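Chemist: sequence? don't have it. structure:
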């Protein structure tokens, strides 16, 4: 036991004291903070200037009506950043092409952001065309679309005999859906969007941690094998204990870093209102869902046993290769197993209780990522939760046993890579 603890301490402190661990540990919260605060701050600034900037356009009105003037007025009063209304140019089917060519020249010269074409199809409620330098700005395009739609609605209502004030009152409707999650504990914090974002965050955090530190286990085994240190170490400790010590030590490093990230992330989340108020930005568009203490414990268990599963496989890969180039090729089957969870991420997020999500949350190679993600988004039946955890535990034990059988032989084997038949012999050797 003392020798095992010595291996664990060596693997742990060797990595924790490294410069890269400190850099990565500090970089994580900085990245989380940027993702948490920057979108709200930048959105607030864009919204402050957005209505003015989106009105810096030319409206080519070929509808034969006053639609262009109404759209210009709907764009926040039609006032641009320079204090002028959006330019409205009447056009006909014969002059529209030349007007578009002239407007294109203005866009290229950066005199305007773009030009909007209104015609009979727009009056009929079908299409309006826009060309400009900001077509990828979703906020601008949404503002333009709403302005056109509301203007067309107003003109139709007035044509039906309603006065302008009544028409404006009837079209000034913007209903937003507010969702609230109900669970076995009753009403919980967070809505569907919050669970969506939190589920993505949990999945990606677990994926990155398992992947990065699983590779560290493989590289550690490979370095010891290349430097012949393993020949000295296995003289005083069995290969199985050496493997367990290496996996537990490296896994503890990952758990330490994950704990620091979660702790600092929670501090930043708690201070979100104070930070955002300094920039005149609104609150975050999401709240951390209440998964409860039991849910947090389950997520932790899935990480621990999921890491043991993949760390054992990565260690086995490291014991069978002799160079970094060989390791990059040999690790692909293990990496692909881990990527399965990410490949179907969108399907799982859209239907967290669907057949695919349930299936992937039971399989031992995908459950460490999929089940915590589902747990963050929806109420998972306890039978599925316990069955998934049992599957991961059995998978971790099996992967560790398999890795130890390969590790004890492959650690001292040099030369060409073993074939599948030779690996089978290694596993069956007593």
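Modeler: Cool, got the structure. From a predicted model like this one, the values you see are computed outputs, not experimental measurements. Numbers count the residues shown, from 1 in each chain.
Chemist: now the strands for the chain?
Modeler: 57-61, 87-90, 114-118, 129-132, 182-183, 186-187 (DSSP state E).
Chemist: Quick one, which of the ones you listed gets closest to residue 71.
Modeler: strand 57-61 (6.0 Å; CB to CB). From N, CA and C alone the C-beta is placed, and that goes for glycine too.
Chemist: Show me what the closest one pairs with in its sheet, parallel or antiparallel.
Modeler: strand 87-90 (parallel), strand 114-118 (parallel) (DSSP bridges).
Chemist: buried residues in the shortest one?
Modeler: Same thing as strand 87-90. 87-89 (16 or more other CB atoms under 10 Å).
Chemist: For the stretch 251-400 of the chain, give me the ranges with low pLDDT.
Modeler: 279-290 (pLDDT under 70).
Chemist: list the contacts for residue 212?
Modeler: residue 254 (CB atoms under 8 Å, 6 or more residues apart in numbering).
Chemist: count of residues packed around residue 106?
Modeler: 17 (other CB atoms under 10 Å).
Chemist: residues in contact with the residue nearest to it when sequence neighbours are not counted?
Modeler: Using CB to CB, 6 or more residues apart in numbering and skipping the chain neighbours, the partner closest in space to residue 106 is residue 112 (4.8 Å). Contact analysis of residue 112 by CB under 8 Å, 6+ apart lists 56-58, 87, 103, 106, 132.
Chemist: top of those residues by neighbour count?
Modeler: residue 57 (29 neighbours).
Chemist: so what's the spatially most central residue of the chain up against?
Modeler: The centroid of the chain falls nearest to residue 200 when counting by CA atoms, centre = their mean (4.9 Å). By CB under 8 Å, 6+ apart, the contact set of residue 200 is 345, 349, 373.
Chemist: Double-check the last one against residue 199; I have them as touching.
Modeler: Yes: under the criterion of CB atoms under 8 Å, residue 373 is in contact with residue 199, at a separation of 4.5 Å.
Chemist: ok, those two, which is more surrounded?
Modeler: Remark: of residue 373 and residue 199, residue 373 carries more neighbours, 29 against 23, as counted by other CB under 10 Å.
Chemist: Please report the distance of the more buried one from residue 366.
Modeler: 10 Å (CB to CB, to the nearest Å).
Chemist: residues in contact with the residue in the chain sticking out farthest from the centre?
Modeler: In the chain, counting by CA atoms, centre = their mean, residue 161 sits farthest out from the average C-alpha position, at 50.7 Å. Listed by CB under 8 Å, 6+ apart, the contact set of residue 161 is empty.
Chemist: any idea of the pLDDT on it?
Modeler: Looking at residue 161, its pLDDT stands at 77.
Chemist: swap in the one 4 residues further on?
Modeler: Reading off the confidence values, residue 165 has pLDDT 74.
Chemist: what's the burial count for the closest residue to residue 309 other than its chain neighbours?
Modeler: Nearest in space to residue 309, with sequence neighbours left out and distances taken as CB to CB, 6+ apart, is residue 396 at 4.3 Å. Number of residues near residue 396 (other CB under 10 Å) recorded here: 22.
Chemist: Dump the buried residues of strand 87-90 into CSV; add pLDDT as well.
Modeler: Below are the buried residues of strand 87-90 laid out as CSV (pLDDT from 0 to 100):
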residue, pLDDT
87, 84
88, 88
89, 90
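Chemist: And the residue nearest to the centre of the chain, how far from residue 342?
Modeler: Taking CB to CB, one finds residue 200 at 10 Å from residue 342.
Chemist: one step back: now flag whichever of the buried residues of strand 87-90 is closest to residue 151.
Modeler: For the buried residues of strand 87-90, the nearest to residue 151 is residue 88 (11.8 Å; CB to CB).
Chemist: Which residue lies closest in space to the closest one, excluding its sequence neighbours?
Modeler: residue 68 (4.2 Å).
Chemist: The one you found: neighbouring residues, count only.
Modeler: 25.
Chemist: Am I right that it is in contact with residue 90?
Modeler: Yes: using CB under 8 Å, residue 68 is in contact with residue 90, at 7.3 Å.
Chemist: any shared contact partners between the two?
Modeler: Joint contacts of residue 68 and residue 90 (CB under 8 Å, 6+ apart) are residue 61.
Chemist: Next up, the contacts around residue 67.
Modeler: By CB under 8 Å, 6+ apart, the contact set of residue 67 is 61, 118, 122-123, 151-152, 155.
Chemist: got the residues you listed as a markdown table, with pLDDT, neighbour count and distance to residue 255 columns?
Modeler: Formatted as a markdown table, those follow (pLDDT from 0 to 100; neighbours: other CB atoms under 10 Å; distance: CB to CB, whole Å):
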| residue | pLDDT | neighbour count | distance to residue 255 |
| --- | --- | --- | --- |
| 61 | 91 | 25 | 64 |
| 118 | 92 | 27 | 60 |
| 122 | 88 | 24 | 59 |
| 123 | 85 | 18 | 63 |
| 151 | 86 | 26 | 58 |
| 152 | 87 | 23 | 58 |
| 155 | 83 | 17 | 63 |
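Chemist: Can you tell me what sits against stretch 118-127?
Modeler: So stretch 118-127 is in contact with 59-65, 67-68, 71, 93, 96, 128, 148, 152, 155-156, going by CB under 8 Å, 6+ apart.
Chemist: Now, the residues you listed that are in helices?
Modeler: Applying DSSP state H to the contacts of stretch 118-127, the entries found in helices are 67-68, 71, 96, 148, 152, 155-156.
Chemist: Which two of these have the greatest separation?
Modeler: 96 and 156 (23.1 Å).
Chemist: Could you tell me the per-residue confidence at residue 236?
Modeler: Residue 236 is given a pLDDT of 73.
Chemist: Does it touch residue 3 like I think?
Modeler: Yes: contact criterion CB under 8 Å: residue 236 and residue 3 qualify, at 6.6 Å.
Chemist: Between these two, which is the more surrounded one?
Modeler: residue 3 (14 against 9).
Chemist: And the pLDDT at the more buried one?
Modeler: 78.
Chemist: isn't it right up against residue 240?
Modeler: No: with contact defined as CB under 8 Å, residue 3 does not count as touching residue 240 (11.8 Å).
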